[in-house]
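here you go, sequence then predicted model.
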Amino acid sequence: MANLNKVMLIGNLTRDPELKYTPRGSAVCDLSLAINRAWTDEHGGKKEEVTFVGVVLYGRLAEIAGEYLRKGRPVYIEGRLRQDSWEDKDTGKKQTKTRIVCESLQLLGGKELGDRAESAPAQSSRQPPVAPRETKRPARAGNSITHDDLEDDVPF
């Protein structure tokens, strides 16, 4: 039997991304999205619900998220569901949490929404933050890079 684990979401960040580094130097970024749904019920009343989803990014995608994303910023995420489980240290009970593992990221909205001058990134990493590169890597398959990642030296 075939299996499919694919998630596509557009939402707004509920907090600034938390960029950390593993002891081996790999970037890991945790963020949370709010996805709004609005509809009209059978009586004509407007209804709205919000779903909050945790997302984890790895490698270069984690660094991009840590550099360009801020609370409130809209973003498109493609990825897969993953359920983590662990034993609670205090109670000894098994705990689980389902999150999205991001495989593709697209920054949405205008450049003014991602202006780094609005808020400084929270630094909770073991290594200093990665400085922006002079030349950006070309987009790899599965890793969408938007115009925000590229230099603004268009000749016209």
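Thanks, I have the structure now.

residue farthest from the centroid of the protein?
residue 43 (36.8 Å; Cα atoms, centre = their mean).

do you know how far that one is from residue 49?
Going from residue 43 to residue 49 by Cβ to Cβ, to the nearest Å gives 17 Å. For every residue, glycine as well, the C-beta is placed using N, CA and C.

paired strands for the strand or helix carrying residue 31, with orientation please.
Residue 31 is part of strand 27-40 when elements are defined by DSSP states H and E. Using DSSP bridges, the strands paired with strand 27-40 are strand 7-13 (antiparallel), strand 18-21 (antiparallel), strand 46-58 (antiparallel).

what about the helices in the protein?
Per DSSP state H, the chain carries helices over the ranges 59-68.

so where's it shaky on pLDDT?
By pLDDT under 70, the weakly predicted segments of the chain are 111-156.

at 80 instead, please
110-156 (pLDDT under 80).

my read is that residue 58 contacts residue 22, right?
No: counting by Cβ atoms under 8 Å, residue 58 does not reach residue 22; the two are 9.4 Å apart.

so which of the two has more stuff around it?
Per other Cβ atoms under 10 Å, whichever of residue 58 and residue 22 has more neighbours is residue 58, with 15 against 12.

OK, contacts around residue 108?
Applying Cβ atoms under 8 Å, 6 or more residues apart in numbering, we find residue 108 in contact with 10, 73-76.

neighbour-wise, give me the winner out of these.
Neighbour counts for the contacts of residue 108 (other Cβ under 10 Å) peak at residue 75, which has 23 neighbours.

surely that one meets residue 34?
No: counting by Cβ under 8 Å, residue 34 is not a contact partner of residue 75; they are 10.9 Å apart.

quick one: contacts of stretch 24-41?
The contact list for stretch 24-41 (Cβ under 8 Å, 6+ apart) reads 9-15, 17-22, 46-63, 65-66, 69, 75, 77, 127, 130.

fine by me, we can end here.
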